[in-house]
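Enquirer: Structure here, sequence nowhere to be found:
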């Protein structure tokens, strides 16, 4: 079966996310090095350098996850579909918590942003659960 257009879009977005995460990692490595050189106290320089490396490695791990998901989506691997569904629902839940915090603080732009992000996450999960999309991945159950 042919790959649905929405799946292709999600795969492209995942690969774009991988590229942006690599750029973020490079920025963290560079920023940590710059802060380490600018620190007035030697101990603070080491903390800044180690922090930059730690964040850089974290972003590289995120980039690898995005790349694996994007590749899996392009190859119509059912594990990639399930992983995206799980991550979308997790993202919707965490952003719903953020929405509650924004409502408590009465911050209208944060409320709007959280609503948009929750909506996108739920839409992605629901799209990947549609019968024709499941069929393209060769899924019989979930």
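Expert: Sure thing, it's come through. These numbers were taken from a predicted model, which means no experiment stands behind them.

Enquirer: In stretch 118-134, which residues are buried?
Expert: Buried residues in stretch 118-134, counting neighbours by 16 or more other Cβ atoms under 10 Å, are found at 118, 121, 122, 124, 125, 127, 128, 133, 134. Any C-beta I mention is one placed from the backbone N, CA and C, and that applies to glycine too.

Enquirer: Does the first one touch residue 95 like I think?
Expert: Yes. Using Cβ atoms under 8 Å as the test, residue 118 is close enough to residue 95 to be in contact (4.8 Å).

Enquirer: does the closest residue to residue 99 other than its chain neighbours count as helix, strand or coil?
Expert: Once flanking residues are discounted, residue 99 sits nearest to residue 114: 3.7 Å by Cβ to Cβ, 6 or more residues apart in numbering. Secondary structure, DSSP: H, G, I helix; E, B strand; the rest coil: residue 114 is helix.

Enquirer: what about residue 114, how many neighbours?
Expert: Applying other Cβ atoms under 10 Å, we find 21 residues neighbouring residue 114.

Enquirer: Let me see the domain layout of this structure.
Expert: Annotated domains of the chain cover 1-76, 77-142 [automatic domain parsing].

Enquirer: now the shortest one: how far from the chain's centre is it?
Expert: In this case it means domain 77-142. Distance of domain 77-142 from the chain centroid (Cα atoms, centre = their mean, to the nearest Å) equals 11 Å.

Enquirer: Can you measure across that domain, start residue to end residue?
Expert: Distance between the two ends of domain 77-142: 13 Å, counting by Cα to Cα, to the nearest Å.

Enquirer: pLDDT of it, averaged?
Expert: For domain 77-142, mean pLDDT rounds to 92.

Enquirer: 58 is where my numbering starts, stick with that
Expert: Okay, using 58 as the starting number, the last item reads as domain 134-199.

Enquirer: Helix or strand: which one has residue 120?
Expert: helix 99-131 (DSSP states H and E).

Enquirer: what ranges do the helices span in this protein?
Expert: All helices of the chain, identified by DSSP state H, fall at 62-95, 99-131, 135-162, 165-185, 188-194.

Enquirer: Can you tell me what sits against the last one?
Expert: When contacts are taken as Cβ atoms under 8 Å, 6 or more residues apart in numbering, the neighbours of helix 188-194 outside the stretch itself are 58, 59, 60, 61, 63, 64, 133, 134, 135, 138, 184, 185.
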